[in-house]
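Participant: below are the sequence and a predicted model; questions follow.
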Amino acid sequence: MPDPSFPANFPALDELALVEIKSAILAKLRLAIGKDAGMATRHDWYEAAALALRDRIVHHWLTVDKQNYDAGRKRVYYLSLEFLIGRLFTDALNNMGLLPVFEAALGDLGVSLSDLRKCEPDAALGNGGLGRLAACFMESMATLAIPAIGYGIRYDFGLFRQIIAQGWQQEYPDEWLGFGNPWEFQRPAVVYHVHFGGGLERTNDPKGREHVIWHPAETIQAVAYDTPIVGWRGEHVNALRLWSARSPDPLKLDVFNTGDYIGAVAEEARAEAICKFLYPNDESPAGRELRLRQEYFFVSASLQDLVNRHLASDGQLRNLASKAAVQLNDTHPSLAVTELMRILVDQHNCGWDEAWKITVDTLSYTNHTLLPEALETWPVELFERLLPRHLEIIYRINLAHLALAEARRPGDLDFRASVSLIDESSGRRVRMGQLAFVGSHRINGVSAMHSELMKETVFRDLNHLYPQRITNKTNGITFRRWLMLANPKLTDLLRRVCGDAVLDDPSRLKRLEALASDNAFQQQFRDVKYQNKIALARLIGERLHVTVDPTAVFDVQIKRIHEYKRQLLNILETIALYQAIKDEPQRDWVPRVKIFAGKAAASYRYAKLIIKLINDVATVVNNDPVVAGRLKVAFLADYNVSLAEVIIPAADISEQISTAGMEASGTGNMKLALNGALTIGTLDGANIEIRDQVGAENIAIFGMEAIDVMRRREHGLDATDVIRRSPRLSRAINAIGSGEFSPDDPGRFESIAHALRYLDHYMVSADFDSYYEAQRAIDARWQVISAWTRASILNVARMPWFSSDRTIREYAEDIWDVPVRGTQPAGLHEPAAQFGATR
């Protein structure tokens, strides 16, 4: 019997293909794993199946790659410090059209595909939305047949594995490579030298032109590992190239022979530290230095690689911009500006002006934040010590840049200080966001509101100096992962309604609108949601030993823990609701399960305190017999792609409650709405575009708008006026501050209560009453089952615009100037299925 947890996306099985796949798996088991079927573990079977699948992918990959090079097609090089690709096994099976045949073949061999899927660890290559967006974009570029390579770091341990112990977050290494990685190909012949430190020498050539020679003090080798990324229907495959760091001299034998065994491998340990962890703690000087070393390491290796590729096919660099488009995903790869200049000027003798034109025409930059602290800056002293040549290049870029600023606004020193690549205000620091902006021909935001706010806030003066550079490219998600794989039951229902062509053409989801009020279809839609909620309830029970009712409202907030994302507002409303239920237990309360998941940065103490508060509230609420069955709180640890694939299909409510003006876009909002969750949110990021697409009546908007937030902050952060007018809010804050949820340590959350009263920078107290009322309106709406289901169906029907395929098409046409091919929509005139006479 086929496993119902996977979508049946393709035609009936070919018996010859079935026999071939079984033979291939058994051959891999014996010849690659070295095991007999009778002795094989579940992980052995997984690895054998993955290798059998990989063989089929590689044939496509090599063929397509050769065709692209032979045709001289322009390539996209996507530089990102994160790629949150999740598990690749079923993703690749689905995109290759081999999921049913592999499921059947493994079943004949006595192995369950769903069991094998669990053997694959989530690749620990990212943290949150930034990395997941990069993964969606890589899949969409392959789907649209855009020749592309993703560049990043092959982290040994990724971010960290989150454990919750006594309610506190604890961080442990995420050993995702412990059993190896069957998807990657090590390329031992692809090695580049990355340099740090040292000094500079100036020489003159026979024509009198000055040349700068960098004599580095340290050299590290970057070794390539390639992972194939399969597009939909398997027609195109691109590479994700990740760099691992090593020392050119891994063991100093003379030192070893003196008995200094640790000193003998010190250089290797220092090199390998670069790829140990994503985002090492940067509270210490050593941590900050490691962060900068990471960023330069992957940028330098990637640019050396792409330049070598280009020279191998074209022989000269003057046309680089016509054959290569380099996209910088956030500020982390900003050093690409100076590194490309260094390669062109120092290594290939390009004139400065010519090199600058090539650099700007080749690079483009995606900004993901309006938070000034997230627009990285580095001390000039650190730059001078680690990257002396790059600091000189920055100074020269800045000289021309400030001359343009002076010409534009003569004598305006404030304007020059604002746009300068060097911040002189509080110790001299290099502004990486400014560097990326000045060195790129296009700078894009990731939602309409974010792009406009960029022009008005963080890049206001740069936008005046370089008008027309800022554009918008609203984020998107791949429906293959976040609908077909994450929610196969809903996918099967949608195929019956919209036809199989919906798998290729998401716009066919619009056909659901005609059935949004159909009683029979509504019941089938609710049945799918209920089955998904049972699966999540089971997982919560297994992990937390908390029983939750799948008929309750599943209210979900899943994202990294940060003050601006306002998990604190959510738990504050939970406390107020708990108190209200305790006051009137006889009322007919709508049962609700509050579900949280997300990681706080290891050094972000306040965010970790919020996690502790959520868990302490959960302990009290979940064990209070007065509210039993009406309110539960669950914090699921170690949030990753695989956990999201269980939570998202089961969600009824999507919490997108960031402080207005602070969320660039968000993609979790899109994934949840695509799976039928109703959004409660502020007018922030892509929430605005979701409202415009799904209709204002099918989303719950509350709270201040961005302009209101700015005006209130101008008058200070004291929220006592708001609290005085809201007895409900005052009581909830008092409960936090007095230790009602921390009787073992009554003062544990005093700092949170203090901030809510006097330092309300993120408008938690200011937005509380609006949020609480919006939640009670949701309760009322939930009780009208048909109206709730209709709104849920319309959310699914109106989400096609948020496909990452649409986003990538826009990048390709407006920024990269590359042609888009790929699968074409099919079956546009196929009629919708009928689900009874009632409309």
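Facilitator: That came through fine. Remember, it's a predicted structure, so these values are computed and weren't measured experimentally. Numbering: from 1, shown residues only.
Participant: which of the three states applies to the residue of the chain positioned farthest from its centre?
Facilitator: What lies farthest from the middle of the chain is Pro206; by C-alpha atoms, centre = their mean that is 51.1 Å. Under the three-state scheme (DSSP: H, G, I helix; E, B strand; the rest coil), Pro206 adopts coil.
Participant: shaky segments in the stretch 401-550 of the chain?
Facilitator: Scanning the stretch 401-550 of the chain for pLDDT under 70 picks out nothing.
Participant: show me where it has its strands.
Facilitator: Taking DSSP state E, counting those that start in this stretch as the criterion, the stretch 401-550 of the chain carries its strands at 422-423, 429-431, 442-445, 470-472.
Participant: show me what counts as buried in stretch 252-262.
Facilitator: 252, 255 (16 or more other C-beta atoms under 10 Å). To be clear about C-beta, it is placed using only N, CA and C from the backbone, and glycine gets the same treatment.
Participant: any idea how far apart the tips of that stretch sit?
Facilitator: 10 Å (C-alpha to C-alpha, to the nearest Å).
Participant: what's the helix or strand hosting Lys357 packed up against?
Facilitator: Take DSSP states H and E as the rule and Lys357 turns out to sit in helix 352-362. Using 3 or more C-beta pairs under 8 Å, 6 or more residues apart in numbering; DSSP states H and E, the elements in contact with helix 352-362 are helix 320-323, strand 324-329, helix 336-342, helix 388-408.
Participant: rerun that using 6 Å as the cut-off
Facilitator: Packing partners of helix 352-362 (3 or more C-beta pairs under 6 Å, 6 or more residues apart in numbering; DSSP states H and E): helix 320-323, helix 336-342.
Participant: looking at those, which is nearest to Asp805?
Facilitator: helix 320-323 (23.8 Å; C-beta to C-beta).
Participant: okay, now Ala516: neighbour count?
Facilitator: 21 (other C-beta atoms under 10 Å).
Participant: does it touch Ile793 like I think?
Facilitator: Yes - the pair Ala516 and Ile793 qualifies as a contact (C-beta atoms under 6 Å) at a distance of 4.4 Å.
Participant: skipping its backbone neighbours, what lies nearest Ile540 in space?
Facilitator: Distances taken as C-beta to C-beta, 6 or more residues apart in numbering place Ala634 nearest to Ile540, at 5.0 Å, with adjacent residues excluded.
Participant: ok, back up a step: could I get the buried residue list for the helix holding Lys357?
Facilitator: So helix 352-362, judged by 16+ other C-beta under 10 Å, has buried residues 355-356, 358-362.
Participant: before we move on, back to that, beta-bridge partners for the residue nearest to Ile540, please?
Facilitator: As for beta bridges, Ala634 partners with Ile595 under DSSP bridges.
Participant: pLDDT score assigned to it?
Facilitator: pLDDT for Ala634: 98.
Participant: what about it, neighbour count?
Facilitator: 24.
Participant: residue contacts, it?
Facilitator: Residues counted as contacts of Ala634 (C-beta atoms under 6 Å, 6 or more residues apart in numbering) are 540, 544, 546, 595.
Participant: equivalent analysis for Val345, please.
Facilitator: By C-beta under 6 Å, 6+ apart, the contact set of Val345 is Ala355.
Participant: then Ser447?
Facilitator: 474, 665, 685-686.
Participant: ok, the residue nearest to it when sequence neighbours are not counted to Ala123 distance?
Facilitator: Among residues not flanking Ser447 along the chain, Ser665 sits closest, at 4.0 Å (C-beta to C-beta, 6+ apart). Counting by C-beta to C-beta, to the nearest Å, the gap from Ser665 to Ala123 is 23 Å.
Participant: before we move on, the earlier item: quick one: the residue nearest to Ile540 from Leu490, how far?
Facilitator: 23 Å.
Participant: low-confidence bits of this protein, can you list those?
Facilitator: Checking the chain against pLDDT under 70 turns up 1-13, 822-839.
Participant: now with 50?
Facilitator: 1-2, 4, 8, 10, 823-839 (pLDDT under 50).
Participant: setting aside sequence neighbours, what's the nearest residue to Asn698?
Facilitator: Asn698 sits nearest to Ala791 (C-beta to C-beta, 6+ apart), 4.4 Å away.
Participant: does the residue nearest to Ser447 touch Gly476 like I think?
Facilitator: No - in this structure Ser665 lies outside contact range of Gly476 using C-beta under 6 Å: 9.5 Å.
Participant: give me the phi and psi angles of Asp721.
Facilitator: When read as degrees, to the nearest 10, the backbone of Asp721 gives phi -60, psi -40.
Participant: just Asp814 next, same as before
Facilitator: Torsion angles, degrees, to the nearest 10, at Asp814: phi -100, psi -20.
Participant: would you mind measuring from Asn570 to Ile680?
Facilitator: Counting by C-beta to C-beta - Asn570 and Ile680 are separated by 10 Å.
Participant: now the contacts of Ala634 as TSV including neighbour count and distance to His450?
Facilitator: Formatted as TSV, the contacts of Ala634 follow (neighbours: other C-beta atoms under 10 Å; distance: C-beta to C-beta, whole Å):
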residue	neighbour count	distance to His450
Ile540	23	34
Leu544	19	35
Val546	16	37
Ile595	24	27
